[in-house]
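**Student:** My questions concern the predicted model and sequence given below.
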2 protein chains.
Amino acid sequence: MVPYPSNSSALEIFIQRLSAHSRLGSEEQDALLRLPVTLMRYPAHVDIVRQGTITDHACLVSEGLVGRYGQTADGKRQFLSLHLPGEMVDLPSVVAPQATSAINALAPSTVMKVPHAALREASDRYPAIAAAFWRDCVLDAAIVAQWLLNVGRRDARARTAHLVCELAVRSRNVSAAARDQFSLPITQEQMGDALGLTPVHVNRILKGLREEGLMTLARGRVVIEDWRGLTTAAEFDGAYLNGLGAI
Amino acid sequence: MVPYPSNSSALEIFIQRLSAHSRLGSEEQDALLRLPVTLMRYPAHVDIVRQGTITDHACLVSEGLVGRYGQTADGKRQFLSLHLPGEMVDLPSVVAPQATSAINALAPSTVMKVPHAALREASDRYPAIAAAFWRDCVLDAAIVAQWLLNVGRRDARARTAHLVCELAVRSRNVSAAARDQFSLPITQEQMGDALGLTPVHVNRILKGLREEGLMTLARGRVVIEDWRGLTTAAEFDGAYLNGLGAI
DNA sequence: CGGTCGGTTGAAAGCCTTCAAACGGTGTGG
DNA sequence: CCACACCGTTTGAAGGCTTTCAACCGACCG
């Protein structure tokens, strides 16, 4: 068995993530822990939310890998974000229920559905929670902005390395796992959809990174052999993942 | 003189933009109108905020054109957003004062600086304002996400057309100007930095669009000759600009 | 009037895509 | 238990979109 976090801990990880940028008292934390949730299971490649749908709940990843994506008219797909267990996929939906992008399970995943009503209640009652939610949306947006820089201005090798570095750091934020090895149940095609590349080219790039002794991605697991080298190849600076300058 | 909105109206446009997705009572609107602001002028190509800086104010564009951007290690630049007069460039900074991206004046611009303290005060006092700010950040993020799809999955022609369509719609939201003609004081190099293209290629694409009779960009002004054709070339669907499904 | 900036155009090179085919692992049905 | 199908990975070859390099032009400004 892969050491997924247990179901109940997804909320705890979420709270811990919020605490990384916002001060939450024990009262607020309790309120969040008492959030009513419904567990749902999804097979790989299945949409959890379709674009344009109006939802009444947000999705917290508990196991697996979940992403938001947009699509062009001719069906080409672009992932806009990826979410590891413990991360909220669509907190923005609390304040904008009409989905501007679709949500998809990249691997078999279990998702905790949290009603918007409960989230609004919590944020109405506790201003600190409202601020933390707002801030979390801002952090999310900062990551998307980095992806835009990545896709717009880095070549395929740096781009791929950058994504792996980001997910390595986020994975460590989320679980106590070592940064040089973490679960990433993603196919090369999905990776291409996250990087704006074809699956064929992703394959060649990964081969290159492997042969350079930088990293390996196999059977849903990333092994980083040379963190220093990988961050250099990626021009990676993780400041955007933490440094919001907030309390 | 180009018919820029007068200085005092930038705040009004901002309020009107907020009202498009959030219900604000007259009391809230008054509070926003009373926000203390400082007017600043910037020449073209000058940075208003540098990356990593911690700021104590947000920037509301009054005249000109302002954008956020990120940079790779070797100096390649990627605009992450563009902001027309009446739009707030960095509302997220209220809640995350450390700038994860730089802010630049693409053309000679005047900017209203609004202290974070005043914005926080207003949003603390009026929950409707807090919700509107949050929602505005979410809308902003939805636009960045569309750019990511655009840069990641559309070819240069569609990509360029898409940007112009988006700005045309946003320009109309912001002023009463007709959609088929609006001010866009941007160079082809800056456009390349927004689209993940070289200035040379932007030039060729614009030439193509001009020869197809779709649009013209000259001397800081876009003239759309065939809106239908342009949206088709761009696969443009403006739903993401408005449809948040919020009140 | 020279200098700078932005726009325009041509030619060659390069990164990535497209098209095709083969391989390995896994699950299912005979 | 094996055959087969399916999915994801891997590799080769050709083509194309975009970049790079270079040069020239026009407008604006000091």
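**Tutor:** Cool, got the structure.

**Student:** secondary structure class for the residue lying closest to A:Val37 once chain neighbours are set aside?
**Tutor:** Leaving aside its sequence neighbours, A:Val37 sits nearest to A:Met112 (CB to CB, 6 or more residues apart in numbering or on different chains; 4.2 Å). Quick note: C-beta positions are derived from backbone N, CA and C, even for glycine. Assigned by DSSP: H, G, I helix; E, B strand; the rest coil, the conformation of A:Met112 is strand.

**Student:** any idea where the helices of chain A begin and end?
**Tutor:** A:9-19, A:26-33, A:116-125, A:127-153, A:156-174, A:188-195, A:199-211, A:227-234, A:239-242 (DSSP state H).

**Student:** Kindly reformat those helices as TSV containing distance to DNA strand D, mean pLDDT and mean neighbour count.
**Tutor:** Below are the helices of chain A laid out as TSV (distance: least, CB to the nearest atom of the strand, whole Å; pLDDT from 0 to 100; neighbours: other CB atoms under 10 Å in any protein chain shown):
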stretch	distance to DNA strand D	mean pLDDT	mean neighbour count
helix A:9-19	24	92	19
helix A:26-33	35	94	15
helix A:116-125	32	96	16
helix A:127-153	9	97	24
helix A:156-174	12	92	21
helix A:188-195	3	98	22
helix A:199-211	4	97	16
helix A:227-234	17	96	18
helix A:239-242	24	84	16
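
**Student:** Out of those, the one nearest A:Gly67 is which?
**Tutor:** helix A:188-195 (7.2 Å; CB to CB).

**Student:** Got the phi and psi for the residue lying closest to A:Ala132 once chain neighbours are set aside?
**Tutor:** Setting aside the residues directly before and after it, A:Ala132 is nearest to A:Ser22 in space (CB to CB, 6+ apart), at 3.6 Å. Main-chain dihedrals, A:Ser22, degrees, to the nearest 10: phi -140, psi 140.

**Student:** Next, the contact list for the residue nearest to A:Cys59 when sequence neighbours are not counted, please.
**Tutor:** Closest residue to A:Cys59 apart from its sequence neighbours, by CB to CB, 6+ apart: A:Val89 at 4.3 Å. Applying CB atoms under 8 Å, 6 or more residues apart in numbering or on different chains to A:Val89 gives the contacts A:48, A:58-61, A:66-68, A:81, A:83, A:103, A:111.

**Student:** PyMOL command to pick out the buried ones of these?
**Tutor:** Buried residues among the contacts of A:Val89 (16 or more other CB atoms under 10 Å in any protein chain shown), as a PyMOL selection:
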select buried, chain A and resi 48+58+59+60+61+66+67+68+81+83+103+111
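
**Student:** nearest to DNA strand D, of the contacts of A:Val89?
**Tutor:** The shortest gap between DNA strand D and any of those belongs to A:Gly67, at 14.1 Å (CB to the nearest atom of the strand).

**Student:** For the spatially most central residue of chain A, give the beta-bridge partners.
**Tutor:** Within chain A, one residue has its C-alpha closest to the average C-alpha position: by CA atoms, centre = their mean, that is A:His83, at 2.1 Å. With DSSP bridges applied, A:His83 shows beta-bridge pairing to A:Val66.

**Student:** and what of A:Thr38?
**Tutor:** Under the criterion used (DSSP bridges), A:Thr38 bridges to A:Lys113.

**Student:** my guess is it meets A:Lys113, correct?
**Tutor:** Yes - between A:Thr38 and A:Lys113 there is a contact under CB atoms under 8 Å: 4.5 Å.

**Student:** how close does A:Cys165 sit to chain B?
**Tutor:** From A:Cys165 across to chain B, the span is 13 Å (CB to the nearest CB, to the nearest Å).

**Student:** Next, the contact list for that residue, please.
**Tutor:** A:230-231, A:234, A:236, A:238.

**Student:** picking that back up, pLDDT score for the residue nearest to the centre of chain A?
**Tutor:** pLDDT recorded at A:His83 is 98.

**Student:** What separation do you get for A:Ala99 and DNA strand C?
**Tutor:** Per CB to the nearest atom of the strand, to the nearest Å, A:Ala99 is found 26 Å from DNA strand C.

**Student:** residues near that residue, how many?
**Tutor:** A:Ala99: 22 surrounding residues under other CB atoms under 10 Å in any protein chain shown.

**Student:** give the contact list for it.
**Tutor:** So A:Ala99 contacts A:49-55, A:90, A:93 (CB under 8 Å, 6+ apart).

**Student:** Tabulate those residues (TSV), appending distance to DNA strand C, pLDDT and neighbour count.
**Tutor:** As requested, these are exported to TSV (distance: CB to the nearest atom of the strand, whole Å; pLDDT from 0 to 100; neighbours: other CB atoms under 10 Å in any protein chain shown):
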residue	distance to DNA strand C	pLDDT	neighbour count
A:Val49	26	97	21
A:Arg50	25	96	12
A:Gln51	22	95	17
A:Gly52	26	93	14
A:Thr53	29	95	14
A:Ile54	33	95	12
A:Thr55	31	96	21
A:Asp90	27	96	25
A:Ser93	30	97	26
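
**Student:** Now intersect those with the strands, please.
**Tutor:** A:Val49 (DSSP state E).

**Student:** which one of the contacts of A:Ala99 is nearest B:Ala156?
**Tutor:** A:Gln51 (24.6 Å).

**Student:** ok, that closest one touching A:Gln98?
**Tutor:** No - using CB under 8 Å as the test, A:Gln51 is too far from A:Gln98 to be in contact (9.4 Å).

**Student:** Between the contacts of A:Cys165, which sits nearest DNA strand C?
**Tutor:** Using CB to the nearest atom of the strand, these come closest to DNA strand C at A:Ala234, 13.3 Å.

**Student:** Contact partners for that closest one?
**Tutor:** A:Ala234 neighbours (CB under 8 Å, 6+ apart): A:158, A:161-162, A:164-165.

**Student:** From B:Ser171, how far off is A:Thr187?
**Tutor:** Per CB to CB, to the nearest Å, A:Thr187 is found 41 Å from B:Ser171.

**Student:** Now A:Thr160. Nearest residue, chain neighbours left out?
**Tutor:** A:Ile205 (4.8 Å).

**Student:** The one you found: what's it in contact with?
**Tutor:** A:156-157, A:160, A:197.

**Student:** sorry, back to before: which one of A:Thr38 and A:Lys113 is surrounded by more residues?
**Tutor:** More crowded of A:Thr38 and A:Lys113, by other CB under 10 Å: A:Lys113, with 16 against 10.

**Student:** ok, that one touching A:Val61?
**Tutor:** No - contact criterion CB under 8 Å: A:Lys113 and A:Val61 do not qualify, at 11.1 Å.

**Student:** Common neighbours of these two, please.
**Tutor:** If you check A:Lys113 and A:Val61 against CB under 8 Å, 6+ apart, no residue is contacted by both.
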